[in-house]
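S.K.: Predicted structure and sequence below. I'll ask about it afterward.
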Protein chains: 2
Amino acid sequence: MKKLSSNELAQRVLRCDRYAGARLISLLEDGNEDARHTLKLLYPHTGKSMIVGITGSTGTGKSTLIDHLIHRFRKSGKKVGVVLVDPSSPFSGGAFLGDRLRIQRHTCDDGVFIRSMASRGHLGGLVRTTAETIRIMEAMGAEAILLETVGTGQDEVEVIQAVQTCILVISPNMGDEIQALKAGLMEIGHIYVINKSDLEGSTQALREIEAVLSMKDHTDDAWKPKVVSTVASEGKGIEELVSAINEHHAYMNQSERIEGIRFQRAEYELGLVFKNELERLVLQELKRKGKKKKFIREICDGQTDPYTVVDEVLKNFLKKETPE
Amino acid sequence: MKKLSSNELAQRVLRCDRYAGARLISLLEDGNEDARHTLKLLYPHTGKSMIVGITGSTGTGKSTLIDHLIHRFRKSGKKVGVVLVDPSSPFSGGAFLGDRLRIQRHTCDDGVFIRSMASRGHLGGLVRTTAETIRIMEAMGAEAILLETVGTGQDEVEVIQAVQTCILVISPNMGDEIQALKAGLMEIGHIYVINKSDLEGSTQALREIEAVLSMKDHTDDAWKPKVVSTVASEGKGIEELVSAINEHHAYMNQSERIEGIRFQRAEYELGLVFKNELERLVLQELKRKGKKKKFIREICDGQTDPYTVVDEVLKNFLKKETPE
């Protein structure tokens, strides 16, 4: 693709050009300045999509469930975005992609946009680019966006901030999971899926989860988390899962709850953009003057420490008083 | 403990007072300003310890291995620090602590300092406080520090920057692990431990890992990763593991390599302190003026976007030109 201006790239994304979308995401991952401007142009066209998070350990069958959900959403005429977050692959750029082949076959469908996010080895990078990728998919017209995460790292706790409906996938043969749920992880799910429910122990798992959920106090208008049993490999229980998603979506939209989620998402993104810009500006500044290496040497030699260095640099960098 | 001055607290930490150490870590986690000053005082007394990272999935037996390593280091007269990084527990403040009970029993020993780091729900927090906790343990006189991580999230890739010797623990019954190693995760380990080597598949796992390692080009003076088979629950192979650690430690110290690691660690910590300070200053400022909520509302209403807000705020906050 030849070099496009920020405006041209934005126009193409809004016309649902998948190559333009993919290109913009790559530019953002590389910290490209023009790409940031393109995002500004897209921003007003975003914020209306249904965003569903699917979280669960490797081996619980998330990918197969997502495969089914893509089908269902497509059948009801919706464009679908899929964001696969894979922070386990900082070294290789995609270690566990094998079981995602099932999802990748949808790339032939013009109404499906898929992106795997691997962390780029820099703090906050994965979280920011994931949030931006969701915005880009919204700008491309995806009415439903599925965000898959493995769900244990801090990064992943961050990325699900944008999600409206959170699905937790559990497999009955993973005892640790049930224990984790008991210990409090439970709180993030709106829908709990016991996948591979043909396996031994699934009734027990179902009973345990329902017991934990029933212990929680529920005010009258609060969402009561649903538990759905599925065998994704055979397509069983998908109907019930889709109903549960739609039900939660309706619940969210019938009240001001969706506004709360949108506020939270904007707050979260504002924080990300802030941190990213600050980091970029300061580190750039340090590097430009060749001071960074000198400071680090002095820290190593015990002449100073990081706290003193930062205090000194910031004194020169920040205005003493910010104007009103 | 009554309120101590920064100086008093630093003196107590240097006298190896474990309660003072624990208190300082908690203060840092809470973002306390005085604690930052205490760290400045401690910094010159740090940087000499042996820091060993132990990384592996839940269920590979890391805790049992660490239990054995603590014993060995104690027997050779070393004080030991243990930092357990558990980003899986942002919700509960410690979901998987069950299998750490084995380690916790060492808390009766005055020469062992143990700290579990759970993420505090704010980006970069876990990474910074883990780095600071290692420094504090060094200041307390820990000659060997063991850093346990689950090893998949971005945070954990960050925290092992401080580590001199990196041990990767694999269990033969975890097929995914071996696949991940093949895909590139391999590169971070100096020592590979196949724990539970009495299980079926362990010879196969050993062969596969050695095959991957042998494919790598090695210059004459480069460290050749070691592979050690253990059955930690029975204490088998621990001798070999300790030898491998000591061998790598000697290798690191016989050359300028340790200087390289120290430079990298200082660079990494400088970056963390920078980001943390900037974030604190700017977000504090935004909050103080009550502007944050107003900005977020405007973003939600589509009147502006995070990028524009950040550009405006920073324009007022940063000096246009930093003086030489």
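M.R.: Ah, there it is.
S.K.: how many neighbours does residue A:137 have?
M.R.: If you count neighbours by other C-beta atoms under 10 Å in any protein chain shown, residue A:137 ends up with 29. C-beta here means a position set from N, CA and C on the backbone, and glycine is covered the same way.
S.K.: cool, residue A:45 as well?
M.R.: Using other C-beta under 10 Å, residue A:45 has 16 other residues around it.
S.K.: can you map out the strands along the stretch 101-250 of chain A?
M.R.: Along the stretch 101-250 of chain A, the stretches classed as strands by DSSP state E, counting those that start in this stretch are A:112-118, A:144-149, A:165-170, A:191-194, A:226-229.
S.K.: Quick one: closest of these to residue A:72.
M.R.: strand A:144-149 (9.3 Å; C-beta to C-beta).
S.K.: Is it correct that residue A:273 is in contact with residue B:308?
M.R.: No: the pair residue A:273 and residue B:308 fails to qualify as a contact (C-beta atoms under 8 Å) at a distance of 9.7 Å.
S.K.: Settle it for me: which of those two has more neighbours?
M.R.: Taking neighbours as other C-beta under 10 Å, residue A:273 and residue B:308 compare with residue A:273 leading, 22 against 16.
S.K.: Give me the three-state assignment for the more buried one.
M.R.: helix (DSSP: H, G, I helix; E, B strand; the rest coil).
S.K.: residues contacting it?
M.R.: Residue A:273 sits next to A:128, B:306-307, B:309-310 when contact means C-beta atoms under 8 Å, 6 or more residues apart in numbering or on different chains.
S.K.: Look at residue A:84 and give its secondary structure.
M.R.: strand.
S.K.: contacting residues around the most centrally placed residue in chain A?
M.R.: Nearest to the geometric centre of chain A sits residue A:159, at 3.8 Å (C-alpha atoms, centre = their mean). The neighbours of residue A:159, taking C-beta under 8 Å, 6+ apart as the test, are A:85, A:126-127, A:130-131, A:147, A:149.
S.K.: So what's the gap between stretch A:138-152 and the chain middle?
M.R.: 7 Å (C-alpha atoms, centre = their mean, to the nearest Å).
S.K.: any idea of the mean pLDDT for that stretch?
M.R.: For stretch A:138-152, mean pLDDT is 88.
S.K.: What residues sit buried inside that stretch?
M.R.: A:138-152 (16 or more other C-beta atoms under 10 Å in any protein chain shown).
S.K.: Likewise for stretch A:257-267?
M.R.: A:261-263, A:265-267.
S.K.: filter those residues down to the ones close to chain B.
M.R.: A:262-263, A:266-267 (C-beta under 8 Å from any C-beta of the partner chain).
S.K.: Now render the residues you listed as TSV, adding pLDDT and secondary structure.
M.R.: As requested, these are exported to TSV (pLDDT from 0 to 100; DSSP: H, G, I helix; E, B strand; the rest coil):
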residue	pLDDT	secondary structure
A:262	86	helix
A:263	87	helix
A:266	89	helix
A:267	86	helix
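S.K.: ok, which pair from those residues is furthest apart?
M.R.: A:262 and A:267 (9.6 Å).
S.K.: Let's see stretch A:305-314 as PDB, backbone CA atoms only.
M.R.: Extracted C-alpha coordinates of stretch A:305-314, given in PDB (Å, rounded to 0.1, in the frame of the first residue of the first chain):
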ATOM      1  CA  ASP A 305      20.000   6.900  42.300                       C
ATOM      2  CA  PRO A 306      17.000   6.800  39.900                       C
ATOM      3  CA  TYR A 307      14.800   9.000  42.300                       C
ATOM      4  CA  THR A 308      17.400  11.800  42.400                       C
ATOM      5  CA  VAL A 309      17.900  11.700  38.600                       C
ATOM      6  CA  VAL A 310      14.200  11.800  37.900                       C
ATOM      7  CA  ASP A 311      13.700  14.800  40.300                       C
ATOM      8  CA  GLU A 312      16.400  16.700  38.600                       C
ATOM      9  CA  VAL A 313      15.200  16.000  35.000                       C
ATOM     10  CA  LEU A 314      11.600  16.800  35.800                       C
END
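S.K.: ok now that stretch, how far from the chain's centre?
M.R.: 34 Å.
S.K.: now do stretch A:137-147
M.R.: Distance, centroid of stretch A:137-147 to centroid of chain: 12 Å (C-alpha atoms, centre = their mean).
S.K.: Then stretch A:7-18?
M.R.: Worked out by C-alpha atoms, centre = their mean, stretch A:7-18 lies 22 Å from the chain centre.
S.K.: Any buried residues in it, and which?
M.R.: Across stretch A:7-18, burial judged by 16+ other C-beta under 10 Å covers A:9-14, A:16-18.
S.K.: With stretch A:19-30 instead?
M.R.: Along stretch A:19-30, these residues count as buried under the neighbour rule (16+ other C-beta under 10 Å): A:20-25, A:27-29.
S.K.: Show me the contact partners of that stretch.
M.R.: Contacts for stretch A:19-30 (C-beta under 8 Å, 6+ apart): A:1, A:4, A:9, A:12-13, A:34-36, A:38-39, A:113, A:115, A:120, A:125, A:129, A:132-133, A:136-137, A:140.
S.K.: Over whatever helix or strand residue A:26 lives in, what's the mean pLDDT, rounded is fine.
M.R.: Take DSSP states H and E as the rule and residue A:26 turns out to sit in helix A:18-29. Regarding helix A:18-29, the rounded mean pLDDT is 90.
S.K.: picking up where we left off before, need the buried ones from the contacts of stretch A:19-30 selected in ChimeraX.
M.R.: The ChimeraX command for the buried members of those (criterion: 16+ other C-beta under 10 Å) is given here:
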select /A:4,9,12,13,35,36,38,39,113,115,125,129,132,133,136,137,140
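S.K.: so which of the contacts of stretch A:19-30 also contact chain B?
M.R.: Answer for these near chain B (C-beta under 8 Å from any C-beta): A:36, A:39, A:125.
S.K.: Which of the residues you listed fall within helices?
M.R.: A:36, A:39, A:125 (DSSP state H).
S.K.: Save the contacts of residue A:273 as CSV, and put in pLDDT and distance to residue A:105 too.
M.R.: Converted to CSV, those look like this (pLDDT from 0 to 100; distance: C-beta to C-beta, whole Å):
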residue, pLDDT, distance to residue A:105
A:128, 84, 29
B:306, 88, 35
B:307, 87, 35
B:309, 88, 40
B:310, 86, 39
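S.K.: what about the helices in chain A?
M.R.: So, for chain A - with DSSP H - the helices run A:6-14, A:18-29, A:33-42, A:62-75, A:101-104, A:125-139, A:154-159, A:175-183, A:202-215, A:238-253, A:257-288, A:291-300, A:306-317.
S.K.: closest to residue B:285 out of those helices?
M.R.: Proximity to residue B:285 (C-beta to C-beta) singles out helix A:257-288 among the helices of chain A, at 11.0 Å.
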